[in-house]
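sequence first, then the predicted structure, then my questions.
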Amino acid sequence: MSTQARTLVQVEGLRVVFGRAARALLRPSTLVVAVDDVTLTVDRGETFGLVGESGCGKSTLGRAVLQLVKPSAGRVIFDGTDLTGLGERAMRPFRRRMQMVFQDPIGSLDPRMSVGEAVGEPLLVHGLKRHADAMDAVRELFGLVGLDPDSTDRFPHEFSAGQRQRVGIARALASRTEFIVCDEPVSALDVSIQAQIVNLLEDLRERLGLTYLFIAHDLALVRHLSHRIAVMYLGRIVEVAGKVALCEDPLHPYTRMLLAAVPSTDRRRERQRPPAVVRGEVPSPLNPPAGCHFHPRCPQAMRQCRAETPALRQRSDGRLVACHLHH
Ligand code: SF4
């Protein structure tokens with residue numbers, strides 16, 4: 001398969017800026033570069049993991065890929081079509097094919113709507129089913145995500161958090177979607193329920209040929225699910241690699257720091273391991289450090305790091321890293 005045929009989503013130089021530029025001395029700039037020149041590709045059938053600490057811009061990037069947030073610059077190409085600048089009418093067929101699963105399904109479900117109506121709504125909106133046939137399709141979707149097909153008349157508050165997330169997934173699937181941005185889909189759930197939802201997502205990807213952009217702050221979770229992983233820090237992608245390469249031989253000091261904080265499943269190794277050093281806090285995106293944003297926390301920072309922004313460069317083995325140590 002050619003690279004073009006293999007790629008479902010291509011993001012080029014994407015930038016999202018929020019806030020207001022300074023207009024006068026007493027009105028300082030409140031500009032936040034939430035997504036800073038991000039370039040990446042997601043292949044068909046792949047789970048592409050996106051990891052980083054809270055507030056690093058992961059969710060904004062996910063929303064900008066789906067055109068739910070308007071990018072300030074850059075392009076998103078979905079299945080060969082540049083979505084940037086498309087009007088709402090032209091976007092409609094793409095909205096059907098690209099969906100989002102949210103961290104908090106209760107916030108994305110209308111409490112006055114039965115869960116059956118919530119899941120059936122995309123079928124009607126996108127003209128995929130007539131009213132009379134929609135409920136049969138909804139029952140089928142309920143079965144697909146492990147919910148009782150006889151529970152379609154119930155309301156969101158009558159379900160557990162895990163069941164509500166299944167409703168959210170069924171709703172995302174209803175429009176025969178191909179690409180789902182999963183934004184921290186299990187971080188609000190109990191650990192025992194997390195595994196069930198993760199297994200469901202994996203199973204659905206294989207059965208339906210779905211493609212995921214899987215966003216989470218938990219590297220252990222992203223490592224479990226993803227084929228490739230991108231690490232994000234203060235709006236920028238700092239490393240991209242296959243999951244084995246990234247987790248066994250991390251190149252970027254920030255990736256190393258994230259990995260050091262992941263507990264090992266091997267008890268003996270875990271006992272022998274020195275305590276993880278997670279240095280400092282993520283700086284404010286309102287006033288990010290110059291040069292490499294990571295330099296105040298980086299144990300290997302050099303003078304160059306404070307002045308020059310390292311570009312995300314591809315190495316001969318195909319891995320991408322943005323760090324002066326590797327250029
Ligand atoms: Fe550390 Fe410098 Fe690499 Fe940034 S560019 S991660 S500060 S060594």
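Thanks, I have the structure now. Residues are numbered from 1 along each chain as shown.

could you use CA atoms for every contact and neighbour count after this?
OK.

hey, where'd the strands end up in the stretch 51-200 of the chain?
Taking DSSP state E, counting those that start in this stretch as the criterion, the stretch 51-200 of the chain carries its strands at 73-78, 81-82, 98-101, 179-183.

residue in the stretch 51-200 of the chain with the shortest distance to the ligand?
Across the stretch 51-200 of the chain, the shortest distance to the ligand (Cα to the nearest ligand atom) belongs to residue 52, at 14.2 Å.

tell me the contacts of that residue?
Counting by Cα atoms under 8 Å, 6 or more residues apart in numbering, residue 52 makes contact with 58, 216, 217, 218, 219, 231, 232, 233.

deepest-packed of the strands of the stretch 51-200 of the chain, please.
Mean neighbour count (mean count of other Cα atoms under 10 Å) peaks for strand 179-183 among those, with a mean of 25.

that strand pairs with which strands?
The strands beside strand 179-183 in its sheet (DSSP bridges) come out as strand 98-101 (parallel), strand 211-216 (parallel).

how about residue 62: what's its closest non-neighbour residue?
Spatial nearest neighbour of residue 62, chain neighbours left out: residue 181 (6.3 Å); criterion: Cα to Cα, 6 or more residues apart in numbering.

circling back: could the strands paired with strand 179-183 go into CSV alongside distance to the ligand?
Shown next, in CSV, are those (distance: least, Cα to the nearest ligand atom, whole Å):
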stretch, distance to the ligand
strand 98-101, 31
strand 211-216, 21
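
report pLDDT for the residue nearest to residue 62.
Looking at residue 181, its pLDDT stands at 98.

that one contacts residue 212, correct?
Yes - contact criterion Cα atoms under 8 Å: residue 181 and residue 212 qualify, at 5.8 Å.

beta partners for the residue nearest to residue 62?
Beta-bridge partners for residue 181, by DSSP bridges, are residue 100, residue 213.

contacts only, for it.
62, 98, 99, 100, 101, 212, 213, 214, 215.

spit out the contact partners of the fourth one.
Read that as residue 100. By Cα under 8 Å, 6+ apart, the contact set of residue 100 is 172, 180, 181, 182, 183.

do you know how far it is from residue 108?
10 Å (Cα to Cα, to the nearest Å).

try the last one
Taking Cα to Cα as the measure, residue 215 and residue 108 are separated by 17 Å.

comparing the two, which shows the higher neighbour count?
residue 215 (26 against 13; other Cα atoms under 10 Å).

on the pLDDT front, check that one for me.
pLDDT recorded at residue 215 is 97.

so what's it up against?
Applying Cα under 8 Å, 6+ apart, the residues contacting residue 215 are 49, 50, 51, 58, 59, 62, 181, 182, 183, 184, 222.

how about the last one, phi and psi?
If I follow you right, that is residue 222. Backbone torsions of residue 222, given as degrees, to the nearest 10, read phi -60, psi -40.

pretty sure it is touching residue 182, no?
No - under the criterion of Cα under 8 Å, residue 222 is not in contact with residue 182, lying 11.1 Å apart.

what do those two both touch?
Contacts common to residue 222 and residue 182, judged by Cα under 8 Å, 6+ apart, are 214, 215.

which residues of this structure score low on pLDDT?
Applying pLDDT under 70 to the chain flags the ranges 1, 3-4, 22-28, 264-278.

can you tell me the element the residue of the stretch 101-250 of the chain found nearest the ligand falls in?
Going by Cα to the nearest ligand atom, the ligand is nearest to residue 238 of the stretch 101-250 of the chain, at 8.2 Å. Element membership for residue 238 (DSSP states H and E) is strand 236-242.

give me the contacts around the very next helix or strand once past that strand.
Going down the chain from strand 236-242, the next helix or strand is helix 243-248, by DSSP H and E. Contact with helix 243-248 is made by 223, 226, 227, 228, 229, 240, 255, 259, as judged by Cα under 8 Å, 6+ apart.

tell me what the helix or strand following helix 243-248 is packed against?
Downstream of helix 243-248, the next assigned helix or strand under DSSP H and E is helix 253-260. Judged by 3 or more Cα pairs under 8 Å, 6 or more residues apart in numbering; DSSP states H and E, helix 253-260 has no packing partners among the helices and strands.

if we can go back for a sec, for residue 163, find the nearest of the strands of the stretch 51-200 of the chain.
strand 98-101 (13.4 Å; Cα to Cα).

who's in contact with the nearest residue to residue 225 once chain neighbours are set aside?
Nearest non-adjacent residue to residue 225, counting by Cα to Cα, 6+ apart: residue 47, 6.8 Å away. Residue 47 is in contact with 211, 212, 213, 214, 225, 226, 227, 228, counting by Cα under 8 Å, 6+ apart.

now the angle from the lengthiest helix in the chain to strand 179-183?
In the chain, assigned by DSSP state H, the helix with the most residues is helix 191-208. Here helix 191-208 points in a direction 170 degrees away from that of strand 179-183 (axes from the mean of the first three to the mean of the last three Cα atoms, to 10 degrees).
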